[in-house]
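Undergrad: take this sequence and fold it.
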Amino acid sequence: MLNREDWLMIREMREKGCYLREIAERVGCSERTVRRALKRDGPPPRRRAGVRASKLDPYKAQVDRLLAEGVWNAMVIFAEIKARGYAGGISILQDYIRPKRTLRKARGTVRFETAPGRQL
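TA: This next block holds a predicted model:
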């Protein structure tokens with residue numbers, strides 16, 4: 001895709017009388033792209049770098065509440081929010097939970113040791 005600088009260079013070279021093939025070689029695109037750029041009245045619109053909304057966004061507070069209660073199983077959380085109207089998939093939910101797993105407290109293991117021959 002052409003950026004603003006490419007569009008300005010195409011327009012400038014065309015005003016100087018350069019052929020479409022020559023412009024395309026210098027810019028590194030096809031003649032058809034050059035033709036479309038010249039037909040356009042202005043530079044291409046800038047793309048926004050914004051983040052798209054997720055289907056999970058309205059349910060994130062509920063997911064966080066379940067995580068705080070100790071429910072870390074994605075399938076259980078998925079069933080819970082699905083019952084409340086969630087229309088997304090489980091992979092979105094798993095991607096949301098994965099980085100939070102490192103924040104979870106590890107369960108301590110209680111060791112129970114007996115004298116040799118006295119286990120049962």
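Undergrad: shaky segments in the protein?
TA: Regions of the chain meeting the criterion pLDDT under 70 cover residues 50, 119-120.
Undergrad: so what are the domain limits for this structure?
TA: With domains defined by automatic domain parsing, the chain comprises 4-39, 57-103.
Undergrad: what's the burial count for the residue lying closest to residue 74 once chain neighbours are set aside?
TA: Nearest residue to residue 74, sequence neighbours excluded (CB to CB, 6 or more residues apart in numbering): residue 94, at 5.0 Å. Where C-beta positions appear, they are placed from N, C-alpha and C, glycine not excepted. Neighbour count for residue 94, taken as other CB atoms under 10 Å: 13.
Undergrad: still on that earlier bit, for the domains of the chain, give me TSV that also has distance to residue 109.
TA: Output for the domains of the chain, formatted as TSV (distance: least, CB to CB, whole Å):
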stretch	distance to residue 109
domain 4-39	61
domain 57-103	17
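Undergrad: circling back to that earlier point, and the residue nearest to residue 74, what helix or strand is that in?
TA: Assigned by DSSP states H and E, residue 94 belongs to helix 90-97.
Undergrad: from residue 100, how far out is the residue nearest to residue 74?
TA: 11 Å (CB to CB, to the nearest Å).
Undergrad: try residue 26
TA: Taking CB to CB, one finds residue 26 at 50 Å from residue 100.
Undergrad: same question for residue 43.
TA: For residue 43, the distance to residue 100 - CB to CB - is 42 Å.
Undergrad: ok, these two, which is more surrounded?
TA: Neighbour tally, residue 43 and residue 100, criterion other CB under 10 Å: the higher count belongs to residue 43, 16 against 12.
Undergrad: was I right about the more buried one contacting residue 7?
TA: Yes - using CB atoms under 8 Å, residue 43 is in contact with residue 7, at 4.4 Å.
Undergrad: in this protein, which helix is the longest?
TA: For the chain, the longest helix by residue count, based on DSSP state H, is helix 4-15.
Undergrad: number of nearby residues for residue 81?
TA: For residue 81, the count of nearby residues is 19 (other CB under 10 Å).
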